[in-house]
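Visitor: build me a model from this:
(2 chains)
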Amino acid sequence: MTAYSQEVIRDLMEGKLPWPDTKRIMSAYKDDDRFFKALAVLQARVTWKERILLPVGEHLFIVQKGEKRVTRCTCGHEFGDYRRNWKLAANILVRDDEASLREIYPNSDLCDPNWMEIREFLCPSCFRLLEVEACPPGYPIVHDFEPDLEGFYRDWLGKPLGAHSRAPAGGGGAAPPKRE
Amino acid sequence: MLNTMSRPLPLRHRMLESERLMRETGCYDGITELELRARDPLKFETLHTKLRSFCVSAREMARRISASPGVREVGEMVVAIYTPEGDAVALSNGIMVHVHTMSRFIKWMIREGYEENPGIRDGDIFANNDAFIGTVQVPDVMDVMPIYYGGELVGWAGAVCHELEAGGITPGGDVCLAQERFTEGLFVCAEKVGENDELRRDYIIRCERNLRMPIYWVLDEKAKVASCIEMRESVKSIIDEVGIDYWRQVMKEFIEEGRRAQLARTRQLTVPGIYRGHTFYGHVTEGKPGFQPLGEPDWLYNMPLEMEITSEGKIKVDFDGTQPWGYHSMNCTPAGMDGGMFVTLTQHMNFEGLVNDGAWMATELNLPEGTWTNPDNEFCATATSWALLLPAYGVFQRLLSRGFIARGFVEEAFVGQVNSPMIEMGGTSQYNRSFGMAHFECAAAGSGALAIKDGLDTAYVGWNPESDMGNIEIWEQNMPMLYIGRSIVPNSGGAGKYRGGCAFVSTWLVHKTPHVRLVTSEHSSRVFDNAGMCGGYPAPTCQKHRAVRDTDIQERALRGEPLPHAPGIDPHRSDYERLLGGRHVTEEGPYITAPHKSGDVFSHAYNGGGGYGDVLERDAVKTAWDVENGFLTQEAAERIFGIVVREEDDGRFGVDKAATTKAQEAIRSKRKSRSVPVSQWLASQKTRVAERHVVPEVARMYDSAMRLSDRFARDFRAFWSLADDFTFSA
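Guide: Have a look, this model is predicted:
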């Protein structure tokens, strides 16, 4: 079975692994223990202790907080229950005129703000840019991802969530996917 | 009558039986156990590898027969081997989108009773480019030949080339001006075009008399037939080795293995759940010559995708909520949509193991009838279906990537493909002959960023992972235009922690011709037809065309004055305007105007990909490198990323750290002062939506989406708390 050290996974996730090594990982059979190693890398990046259950973006995580599961930013800001669209609890900056679009596209032909606006979803605490939507005015905000969290842990990882409310003991391997 | 069967049709019966077994057992052809694989896995795997090598070598051989720079240089060809029922067993590299569309073509012939009339015999050649039978667009011409062994049909060999000229209302293959199928060009509708391994003379004559540049099509036909014969003979020799019984069984096991591997890989790389995303495409033709007033001239296309990954590992993609088909060439058939799914999966998930139709069988597409994805009018045109197909599957790539990120496989996360606009031409060549051609350097756009690195610059398109723009000298041999520039477009990659790959722009001097029509397609107008991810911005993909007629370029060259090589970085005044005299034209949307002649200058830009992550996390040294190498302007580095880059005495670019800290702090402050809570913004927008304060094209988009999709209408009204009967109808 393919497996990599925690350090290699960390460097890969941070974009610091040399390209030949990255390429080898991309071309090789996938490492079945990746998920929990990746979680450990992410957990080490944040300053809070609550267990990350699933990354849903570059700086967004579903986190076990007591009995609740919430969406949380790297900085610790919480967006509420993970089943709710976190964007609705974010800050938004909308670029819908030439001046604001030119800040991002100074030398290019622009979209027509009557046809398309750029919506930036920001963390209300650290003001990281978490997601961008490009859509016509009036378009409902998209709920990007509704993971089947319970089913994932139970059926795919073979580690039901109820039994794992505490942080995992470093890099535990996921059950390899069943090959029929 | 074609459909009147006077005798039993064993092949058709077998295909229907295979479909029944799949429905009943959930496994391909009822193969619930991989017996041959279990018995001797090495023999099993070796045989598939051999089949794949047959395909790869047959394609490479055939490319040398072709006269088309599209096939020879850019590799616009794919070949594959199929089961008797028409399911792909093994395939070559190349334009893999067509592996599954050819499957549809073979099945269509079987279903329509071709065994009886026109008959299926050893040495027959069948051709098709009808998207409603099984291809993507009219220039995608496919040829298949049955493989007989001991009098039994034991498979098919098939090959597709993208033709550079299809004989439509506008020159080239992606016939921009086609508004119905009757103007798309030469159709070959599942036709027997050859017997005894030879193309029929009357078919060749038809091609020669109905195409602007028949040498491309005709030699491509010969190349395809040669590759099919090569694969057929290789398959026969392998059956000699393994025996016919083993062959019959192993083909099915290969496909079932492919299906199971796809399910397992989805469970390995992603997370079950619901994923959503969207993109848009602007079609602007108001006032352009040639467009018939059959529908609204300007249209905004909405492409929302919802993907479900089931507990089993099945990927279900739903296009519910998208727009109706229209009187333009951008419609797509289910065959094209299947092909898009197949080629995307091949790139993103099938990087190991057996690659064949089994992967496609582990997916499910919902293509609502009446939409551009599944038109309920077979007269509609599909010649530029890539215009919508590419952005749509770019969304699919982002949805899959969200799953890869959630699972920790960040190296597979990819912001996705973009449209790569086509330029086509026809008229009098530099050899004083009639000609027509699609310029295929578009097969080298910028890619979306990855979650760990920048996207590929000028080196990726979705339909062919083996991307190539072709050499300038080859293109110049085939058209009456000379390159005066082929340059990276600065800032054309979407910004982000990792930027999208950059695009390039070509500038040509029209040369040695009194008359050349230039036509472009698959260029979105007024909206960016791509997106970023995780904080990355979309790439600026609604670029305009710039041309100069009756230039003074010869005089300026004689005087030794500087000439323009690219549009430059001032969106309000191009380098052409600065450095050339003549009549300057800036054109939005498809370029369809009066013919050009020697001395005119024309430019055409391709697209970059979307960005990944927050711009404030971008590496400053990489940014300086980008500026130094023309991928980014200094202005953009400072405005977008807050990275202040200065040219140093030795001509290199370095980062001004203190100024950068200040500039990035200023961007953070702007974010803080200018953003508002989403709840507050929604309250301010609700009145606008309720009162329908949007431009007519946006209102029409919402209206048609709500009419075609109950779910879209319900979700829209619920999101904005509108009445149950709210509509955008006039």
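Visitor: show me what the residue in the stretch 201-350 of chain B positioned nearest to chain A is bridged to.
Guide: Closest to chain A within the stretch 201-350 of chain B is residue B:273: 3.8 Å, counting by CB to the nearest CB. For the C-beta atoms, the positions are set from N, CA and C on the backbone; glycine is no exception. Applying DSSP bridges to residue B:273 gives these bridge partners: residue A:147, residue B:309.
Visitor: the lowest-mean-pLDDT helix or strand in chain B: which residues count as buried?
Guide: In chain B, the helix or strand scored least confidently by mean pLDDT, DSSP states H and E is helix B:357-361, which has a mean of 87. Of the residues in helix B:357-361, B:357-361 count as buried by neighbour count, 16 or more other CB atoms under 10 Å in any protein chain shown.
Visitor: in chain A, what residue spans correspond to helices?
Guide: Under the criterion DSSP state H, chain A contains helices at A:6-13, A:19-27, A:34-45, A:98-102, A:149-151.
Visitor: of those helices, flag the one that's most buried.
Guide: Scoring the helices of chain A by mean neighbour count under mean count of other CB atoms under 10 Å in any protein chain shown gives helix A:34-45 as the most buried, with a mean of 20.
Visitor: just the mean pLDDT for that helix, thanks.
Guide: The average pLDDT within helix A:34-45 is 98.
Visitor: in the stretch 401-550 of chain B, what residue lies closest to chain A?
Guide: For the stretch 401-550 of chain B, CB to the nearest CB, closest residue to chain A: residue B:408, 2.7 Å.
Visitor: got the contact list for the closest residue in space to that residue that isn't next to it in sequence?
Guide: Closest residue in space to residue B:408, ignoring its immediate chain neighbours: residue A:38 at 2.7 Å, by CB to CB, 6 or more residues apart in numbering or on different chains. Counting by CB atoms under 8 Å, 6 or more residues apart in numbering or on different chains, residue A:38 makes contact with A:9, A:13, A:55, B:407-408, B:410.
Visitor: doesn't residue A:33 make contact with the residue of the stretch 401-550 of chain B closest to chain A?
Guide: No. Taking contacts as CB atoms under 8 Å, residue B:408 lies outside contact range of residue A:33: 9.6 Å.
Visitor: residue in chain A nearest to chain B?
Guide: Proximity of chain A to chain B (CB to the nearest CB) peaks at residue A:38, 2.7 Å away.
Visitor: and residue B:17, how far from chain A?
Guide: Noted for residue B:17: a distance of 23 Å to chain A, by CB to the nearest CB, to the nearest Å.
Visitor: what is the neighbour count of that residue?
Guide: Residues near residue B:17, counting by other CB atoms under 10 Å in any protein chain shown, number 13.
Visitor: can you pull the contacts of the residue most central in space within chain A?
Guide: The residue lying closest to the centre of chain A (CA atoms, centre = their mean) is residue A:57, at 1.9 Å. Taking CB under 8 Å, 6+ apart as the criterion, residue A:57 is in contact with A:130-131, B:405, B:534-535.
Visitor: mind running it again at 6 Å?
Guide: Residues near residue A:57 by CB atoms under 6 Å, 6 or more residues apart in numbering or on different chains: residue B:534.
Visitor: what ranges does the stretch 451-600 of chain B have for its helices?
Guide: B:472-477, B:553-558, B:575-579 (DSSP state H, counting those that start in this stretch).
Visitor: returning to that earlier point: can you check the pLDDT for the residue nearest to the centre of chain A?
Guide: pLDDT, read off for residue A:57, is 97.
Visitor: again with residue B:355
Guide: Model confidence at residue B:355 (pLDDT) stands at 79.
Visitor: again, but for residue B:544
Guide: 93.
Visitor: next, count neighbours for it.
Guide: 18.
Visitor: cool, residue B:652 as well?
Guide: Going by other CB under 10 Å, the residues that sit close to residue B:652 add up to 10.
Visitor: how about residue B:93?
Guide: Using other CB under 10 Å: residue B:93 sits among 19 other residues.
Visitor: and for residue B:599?
Guide: Residue B:599 has 16 neighbours, counted by other CB under 10 Å.
Visitor: what packs against the top helix by length along chain B?
Guide: Assignment by DSSP H gives helix B:214-242 as the longest helix of chain B. Counting contacts by 3 or more CB pairs under 6 Å, 6 or more residues apart in numbering or on different chains; DSSP states H and E, helix B:214-242 packs against helix B:41-63, strand B:140-149, strand B:152-162, helix B:201-210.
Visitor: quickly compare these and say which is most buried.
Guide: strand B:152-162 (a mean of 27).
Visitor: what about the residue lying closest to residue B:597 once chain neighbours are set aside, distance to residue B:427?
Guide: Sequence neighbours aside, residue B:514 is the residue nearest to residue B:597 in space, at 5.3 Å (criterion: CB to CB, 6+ apart). Residue B:514 is 8 Å from residue B:427, where distance means CB to CB, to the nearest Å.
Visitor: who has more neighbours out of these two?
Guide: Neighbour totals were compared for residue B:514 and residue B:427, and residue B:427 leads with 21 against 13 (other CB under 10 Å).
Visitor: so what touches the strand or helix carrying that one?
Guide: Per DSSP states H and E: residue B:427 is located in strand B:422-428. Here strand B:422-428 makes contact (CB under 6 Å, 6+ apart) with B:171-172, B:174, B:212, B:436-439, B:442, B:513, B:515-522, B:604.
Visitor: buried set for that strand?
Guide: Neighbour-count burial for strand B:422-428 flags B:422-428 (criterion: 16+ other CB under 10 Å).
Visitor: next one: that strand to chain centre, how far?
Guide: Computed by CA atoms, centre = their mean, to the nearest Å, the chain-centroid distance of strand B:422-428 equals 20 Å.
Visitor: partner strands of it, parallel or antiparallel?
Guide: strand B:434-439 (antiparallel), strand B:516-521 (antiparallel).
Visitor: any idea of the mean pLDDT in it?
Guide: 97.
Visitor: what residue in the stretch 51-200 of chain B comes nearest to chain A?
Guide: Nearest residue of the stretch 51-200 of chain B to chain A (CB to the nearest CB) works out as residue B:93 at 15.1 Å.
Visitor: could you look up the SS state of that residue?
Guide: Using DSSP: H, G, I helix; E, B strand; the rest coil, the structure places residue B:93 in coil.
Visitor: chain neighbours aside, what residue packs nearest to it?
Guide: Using CB to CB, 6+ apart and skipping residues adjacent in sequence, the residue nearest residue B:93 is residue B:466, 5.3 Å away.
Visitor: my guess is that neighbour contacts residue B:77. True?
Guide: No. If you go by CB atoms under 6 Å, residue B:466 and residue B:77 don't touch, sitting 10.1 Å apart.
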